[in-house]
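Student: Got a predicted structure here, sequence first:
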Amino acid sequence: MMAEIGLTHYLVVAAILFALGVAGVLYRRNAVGMLIGIELILNAANVNLIAFARYADRGVGVPGVNGSAGLEGQVFAIFVIILAACEAAIGLAICINIFNKFGSIDADRADTMRG
Amino acid sequence: MPAPVLLGELRLILPELILCGGALFVLVYDMFQRRERSQRCGVLALLIVGLAAWDGIRLWMVPGVWAAAPAQTAIFWGMLSADPLWAFFRLLFLAAAGAVILMSVFSHELWRTRAGEYYALLLIATASASFAAAACNFVMLVLAVETLSLSAYVLAGYLKGERPAAEASLKYLLFGSVASGVMLYGLSLLYGLTGSLDLASLDRIGPENYPVFIPVLALVLVGLGFKTGAAPFHFWAPDVYQGAPTPVTAFLATVSKGAGFAALIRVVSPHFDAGSLAPYGMRTVDVFATPTDLSSLFWLLAVLSMIVGNFAALRQRDIKRLLAYSSIAHAGYLFVPFTAANPSGLSAVLFYIIVYFLATIGVFAGVVMIHNRTGTFEIGRWTGLFHRSPVIVVGLGVMLWSLIGLPPTAGFVGKWKLFFAPVEAAAAGPLPLFHYSVVFVALLTSVVSLYYYIGILKVMCFSGTDDRALRFRSGPLERACILALALPLILIQLQWQPLTDATLRALGQPVRSASAEVAR
Amino acid sequence: MDHLLFNFGLVAVFLIVGFAFVYGALLFGSLLRPRLYGRDKMRIYECGEPTIGSSWIRYNIRFYMVALVFLIFDVEIAFLFPVASVITWFRDAGLGLLAYAEIVTFVVILLIGFAYAWRYGNLDWISPEPATGKGVKPPTSLLVAGRAELALAAQRSTAAPRTAGGEETASSAE
């Protein structure tokens, strides 16, 4: 029997997204792949925020919540979306720059500085 | 909120409005300039920072209350806290930004680039650093810190013709984005725990949430630790400091790092008076006689940063790379009072940030001057500098001396204050070993730092004027700049009470009268 | 709760029907059709035209430039939409002009960015000398692929008859 979709489900999805994102950043050598991993991390935060915003309003399941905080999380999520877009834009621009200089966007190739 | 109230609040952020508006103006101005005249934007940016600083001083003069009671000072629906702490950091950042812009104007590295975008980004970054120091809501905190980071990513890679610059910006972007992503994830969980994004809502954490709360706060600390350049989140620092244009490096070492500490102070300071960060953890279980609250996380950051920074700096040949490790070490020193979490520690942090800003800006100014004439960042090539331009070497010597923290300079007073906070806590609290250990590491690594700072001085003074020596003779303007930055470091050592008073005022703590200090 | 389960049941039914439709058709076809393989049959089918070059072409870098500028205005909507949904509330509270001024400020800042990109030629599709300056000739393409994909692409391009390079394909699309 399937249980009702609750806060825990969202949190688990977000945790999985977060783990995937971190793994993507760590194990990808392609800079664009790393950026995608970062997007996943940000979206994990977004899922959390929206879920908490929804369930905090109802006062379900979260200990210590005063139950009036719904909108704040949603607004924060919008800002996180903006942040993600900005990071993607600047990240792509930097990737173009890297490709021009190194002929590849393999992050491992960019290692002129050591020490 | 009625319109007059809103306008009144806009008055309180006028310096930042000037900076942002000025950034847009610089961009538009540059659009109508020919490439050769692009450097005029630097002068324009300097004027804008001056204007903002003038207004910042006026706001500093306004008597205000500190954020210990954020409800009284909150503006814009509780997003910012208009208090003396903000005014303090704003002035500090504006002064540092002015110095960085001055450096940029004279730096040969940036001569051939389009300058409008560069200065616009610097102004925006300064404004957002100032907002980070004022944020009393996590949304504002994240937005300010991220705006600062995003500007810094671009600034780090501003020399588009060079491979190290491109590499620096990529590394900075990747590390920074991951750190801020982890911080955002932590904040989203924190929001779930407290049900609010106000910084003040951290008080609502009940004992039943403690086991969850410390890991969540650790996630948040990842983002702020990255901004402050503390180990183990320091891996970006050496490469970025080396690859970025030198004025940008100076900006990262001062304003960006300072903004990280300002944000951190906002997050944890309301609980500083108890002598522990107990609301951030539980004191009941003492495993290995360490507090299981936030203090132990800070202990880890402080000790790791001091050790990693100072020992890695020992084998550096490139001056900017060495200064990167030095700045990691200084982040560690600045974390020392956070382990003690007593009020005197907080004012010590503010005091040392001023001293560190002065010395770091000074050293980077020296690096820019020497690089302009010689085109090298290699320390080994600075041999015999003393014979050619003694004033520069003496000035640099004072700054390095201050960074070591030796007596005739302000660095000594600053470090004394920093390291005294845990000693106080050890005397008063139940965990002397915890507090003394961090002081011990701090003193030990300070001795280590003596070695590499003195190494620079030794190369400059005692190595002979062989044919590898630099053909460098300083101009009067350069000498004046260096002396103007070095003299305060001596003067602060002679009379540090005004500066201490300023930090106390910023924290809303009672200012001891100067006469009482003299009598003591 | 039953309502929720019912909704998920509908989704499940759609999924099952969808999969059954696709794979059923494929299965049916594989049972009926003759199995004859030849060189011509294994070639990529592009609407009856003979294929030119590899499909692993490098996309023209200017797509990215346009994408970056697009992103700004894409995100702008995310900000303006919430404002638009409450602006009547502001009007009724007598703050309409203030809210309008805020929106205008926001859009003007964006427009300055847009003008900046325009001024330095980042929007020109044909730009032999974009804003990178210093006589550095920018490559025309950005490879969004790691080393492995690169090797794969090289393999394929040697296998297929290569009459025109990928870059020419991209620029001929102008």
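Tutor: Arrived safely, thanks for sending.
Student: switch to C-alpha atoms for all contacts and neighbour counts from now on
Tutor: Fine.
Student: Would you mind listing where the chain has pLDDT under the threshold?
Tutor: Here I'm looking at chain A. Across chain A, the ranges flagged by pLDDT under 70 are A:1-3, A:56-70, A:114-115.
Student: um, chain C though
Tutor: In the predicted model of chain C, residues C:1-5, C:46, C:51, C:55-56, C:58-59, C:126-174 satisfy pLDDT under 70.
Student: Okay, domains of it per the record?
Tutor: Per the record's domain assignment (automatic domain parsing), chain C is made up of the domains C:1-35, C:36-57+C:151-165, C:59-142.
Student: for chain A, which residue is closest to the average position?
Tutor: In chain A, the centroid-proximal residue (C-alpha atoms, centre = their mean) is residue A:42; its distance is 1.7 Å.
Student: Tell me if I'm right that it and residue A:80 touch.
Tutor: Yes - between residue A:42 and residue A:80 there is a contact at 7.1 Å, judged by C-alpha atoms under 8 Å.
Student: re earlier: can you tell me how far the residue nearest to the centre of chain A sits from residue B:169?
Tutor: When distance is defined by C-alpha to C-alpha, to the nearest Å, residue A:42 is 20 Å away from residue B:169.
Student: Would you check how far apart residue B:221 and residue B:187 are?
Tutor: When distances are taken as C-alpha to C-alpha, residue B:221 and residue B:187 turn out to be 10 Å apart.
Student: which SSE is residue 40 in?
Tutor: With no chain named, the answer covers chain A. Using DSSP states H and E, the element containing residue A:40 is helix A:31-58.
Student: um, chain B though
Tutor: Assigned by DSSP H and E, residue B:40 falls within helix B:40-61.
Student: phi, psi of residue B:178?
Tutor: Main-chain dihedrals, residue B:178, degrees, to the nearest 10: phi -60, psi -40.
Student: Would you confirm that it contacts residue A:40?
Tutor: No - taking C-alpha under 8 Å as the contact criterion, residue B:178 and residue A:40 are not neighbours in contact, 10.3 Å apart.
Student: about what we covered before: let me see the contact set for the residue nearest to the centre of chain A.
Tutor: Listed by C-alpha atoms under 8 Å, 6 or more residues apart in numbering or on different chains, the contact partners of residue A:42 are A:18, A:80-81, A:84, B:181-182, B:184-185.
Student: Out of those, flag the one nearest to residue B:174.
Tutor: For residue B:174, the nearest member of those is residue B:181. The distance, counting by C-alpha to C-alpha, is 10.5 Å.
Student: got the phi/psi numbers for residue 112?
Tutor: Chain wasn't specified; assuming chain A. Geometry field for residue A:112 lists phi and psi as phi -70, psi -20, criterion degrees, to the nearest 10.
Student: wrong chain, I was asking about chain B
Tutor: phi -90, psi 0.
Student: That one: how many residues sit nearby?
Tutor: Neighbourhood size, residue B:112 [other C-alpha atoms under 10 Å in any protein chain shown]: 14.
Student: can you check the one 10 residues further on too?
Tutor: Counted with other C-alpha under 10 Å, the neighbours of residue B:122 add up to 25.
Student: show me what contacts it?
Tutor: For residue B:122, the contact set (C-alpha under 8 Å, 6+ apart) comprises B:97, B:151, B:155.
Student: Return the closest of the residues you listed with respect to chain C.
Tutor: The shortest gap between chain C and any of those belongs to residue B:151, at 14.1 Å (C-alpha to the nearest C-alpha).
Student: what's around the closest one, how many residues?
Tutor: Residue B:151 is surrounded by 20 other residues when neighbours are defined as other C-alpha under 10 Å.
Student: can you pull the contacts of it?
Tutor: Taking C-alpha under 8 Å, 6+ apart as the criterion, residue B:151 is in contact with B:121-122, B:124-125.
Student: now the host helix or strand of it, how far from the centre of its chain.
Tutor: For residue B:151, the enclosing helix or strand under DSSP H and E is helix B:138-156. Remark: helix B:138-156 is offset 14 Å from the chain centroid, using C-alpha atoms, centre = their mean, to the nearest Å.
Student: With just CA atoms, put it into PDB.
Tutor: Included here for helix B:138-156 are C-alpha records, laid out as PDB according to Å, rounded to 0.1, in the frame of the first residue of the first chain:
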ATOM      1  CA  PHE B 138      19.200  34.400   5.300                       C
ATOM      2  CA  VAL B 139      17.800  35.400   1.900                       C
ATOM      3  CA  MET B 140      19.600  38.700   2.100                       C
ATOM      4  CA  LEU B 141      22.700  37.000   3.400                       C
ATOM      5  CA  VAL B 142      22.800  34.600   0.500                       C
ATOM      6  CA  LEU B 143      22.000  37.200  -2.100                       C
ATOM      7  CA  ALA B 144      24.700  39.500  -0.800                       C
ATOM      8  CA  VAL B 145      27.400  36.800  -0.500                       C
ATOM      9  CA  GLU B 146      26.500  35.400  -3.900                       C
ATOM     10  CA  THR B 147      26.500  38.800  -5.700                       C
ATOM     11  CA  LEU B 148      29.900  39.300  -4.200                       C
ATOM     12  CA  SER B 149      31.100  35.900  -5.400                       C
ATOM     13  CA  LEU B 150      29.700  36.200  -8.900                       C
ATOM     14  CA  SER B 151      31.400  39.600  -9.400                       C
ATOM     15  CA  ALA B 152      34.600  38.100  -8.000                       C
ATOM     16  CA  TYR B 153      34.500  35.100 -10.400                       C
ATOM     17  CA  VAL B 154      34.500  37.500 -13.300                       C
ATOM     18  CA  LEU B 155      37.100  39.800 -11.800                       C
ATOM     19  CA  ALA B 156      39.500  36.900 -11.100                       C
END
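Student: could you give the mean pLDDT of it?
Tutor: Per-residue confidence for helix B:138-156 averages out to 94 on the pLDDT scale.
Student: Kindly report the same for stretch B:422-439.
Tutor: If you average the pLDDT over stretch B:422-439, you get 83.
Student: Just the endpoints, please. Distance across it?
Tutor: 7 Å.
Student: tell me which parts of chain A are close to chain C?
Tutor: If contact is defined as C-alpha under 8 Å from any C-alpha of the partner chain, the residues of chain A in contact with chain C are A:2, A:4, A:29-30, A:32, A:78, A:82, A:85-86, A:89, A:92-93, A:96, A:99-100, A:104-106.
Student: Okay, strands next: where are they in chain C?
Tutor: Taking DSSP state E as the criterion, chain C carries its strands at C:59-60, C:141-142.
Student: just checking, what packs against the helix or strand following the helix holding residue A:40?
Tutor: Of the helices and strands lying after helix A:31-58 in sequence (DSSP H and E), the nearest is helix A:70-102. Using 3 or more C-alpha pairs under 8 Å, 6 or more residues apart in numbering or on different chains; DSSP states H and E as the contact criterion, the neighbours of helix A:70-102 among helices and strands are helix A:31-58, helix B:138-156, helix B:163-194, helix C:61-92.
Student: The third one and chain A, any residue contact?
Tutor: Yes - contact of helix B:163-194 with chain A (C-alpha under 8 Å from any C-alpha) involves B:163-164, B:166-167, B:169-170, B:173-174, B:177-178, B:181-182, B:184-189, B:191-194.
Student: Ok, stretch B:305-317 next?
Tutor: Yes - under the criterion of C-alpha under 8 Å from any C-alpha, chain A is reached by stretch B:305-317 at residue B:316.
Student: In PDB, list the C-alpha atoms belonging to that stretch.
Tutor: Once side chains and other backbone atoms are set aside, the C-alpha atoms of stretch B:305-317 remain, and they are given as PDB (Å, rounded to 0.1, in the frame of the first residue of the first chain):
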ATOM      1  CA  SER B 305      43.600  27.100   8.700                       C
ATOM      2  CA  MET B 306      46.600  28.200  10.900                       C
ATOM      3  CA  ILE B 307      48.500  25.000  10.300                       C
ATOM      4  CA  VAL B 308      47.700  24.600   6.600                       C
ATOM      5  CA  GLY B 309      48.300  28.300   5.800                       C
ATOM      6  CA  ASN B 310      51.500  28.800   7.700                       C
ATOM      7  CA  PHE B 311      53.200  25.500   6.800                       C
ATOM      8  CA  ALA B 312      52.200  25.600   3.100                       C
ATOM      9  CA  ALA B 313      53.500  29.200   2.900                       C
ATOM     10  CA  LEU B 314      57.000  28.000   3.800                       C
ATOM     11  CA  ARG B 315      57.700  26.600   0.400                       C
ATOM     12  CA  GLN B 316      56.300  29.300  -1.800                       C
ATOM     13  CA  ARG B 317      58.400  31.200  -4.400                       C
END
